Structure formats: structure tokens, C-alpha cells
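K.L.:
I would like the atomic coordinates for the input below:
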Amino acid sequence: MIEQIIPFVGLLVGIVLLVKLNPRNIDTFLRAEAKRGLQENFKISDKWHSEGRVYTEGLTLIEDKKGRIAFVRQAKLADTGLLH
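P.N.:
Below is the predicted model of the structure:
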């Protein structure tokens, strides 16, 4: 019986530590990126900063609600999984 309780308690301690040590700022960053992508079409301004992350930048044509077409500077978060 004790052989089953010790690993279970160890697993619970590991899960609690994982939850407590997980930084929440990543979630807020991804939420801000999703908002920028869905609501603003990944537009960037002169004040925009990449915060040390890898982005691809480009220029695109976007049609607004009035039917006008405009060039917009964009930056999208790049997948660096291929580099590792």
C-alpha cells in the first residue's frame, strides 16, 4: 500500500510545482498576439517592438469596411521549431 502512496504523492507534488512555476506572462503574450491578429490583421506601427521574439515582416493589401484598399505593414510570429 505504501508503495502506491509514495509515487502518487510525488506526482501530486510535481503537478503542483509545475502549475506554480509556470509563468503566466506567456499566456498574456499569446492572447495579445491573437487579438492583434484577429482584430487588427497583424498591423504594426512605428512604436511596435518584437520583445525579443522572431517575427516575419511584410507588406500586404487589405480592404477596409468601406471598400478601400490600402497597403499595411504586418509582422507575424515565426515558428522557430524548425531551427532546433
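K.L.:
and the nearest residue to Phe42 once chain neighbours are set aside, which of the three is it?
P.N.:
Distance criterion Cβ to Cβ, 6 or more residues apart in numbering; nearest residue to Phe42, sequence neighbours excluded, is Gln74 at 4.3 Å. Yep, even glycine has a C-beta here, placed from its N, CA and C like the rest. In three-state terms, and counting by DSSP: H, G, I helix; E, B strand; the rest coil, Gln74 is strand.
K.L.:
and Gln74, how far is that from Thr80?
P.N.:
Separation of Gln74 from Thr80 (Cβ to Cβ, to the nearest Å) stands at 18 Å.
K.L.:
Same check on Arg68?
P.N.:
Separation of Arg68 from Thr80 (Cβ to Cβ): 36 Å.
K.L.:
what does Leu61 give?
P.N.:
From Leu61 to Thr80 the distance is 28 Å (Cβ to Cβ).
K.L.:
Please, where are all the helices along the protein?
P.N.:
Ranges of helices in the chain, per DSSP state H, are 2-21, 25-40.
K.L.:
Need these in TSV (columns: distance to Arg53).
P.N.:
Listed next are those as TSV, based on distance: least, Cβ to Cβ, whole Å:
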stretch	distance to Arg53
helix 2-21	21
helix 25-40	8
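K.L.:
Out of those helices, which one sits most buried?
P.N.:
The highest average neighbour count among the helices of the chain, using mean count of other Cβ atoms under 10 Å, belongs to helix 25-40 at a mean of 11.
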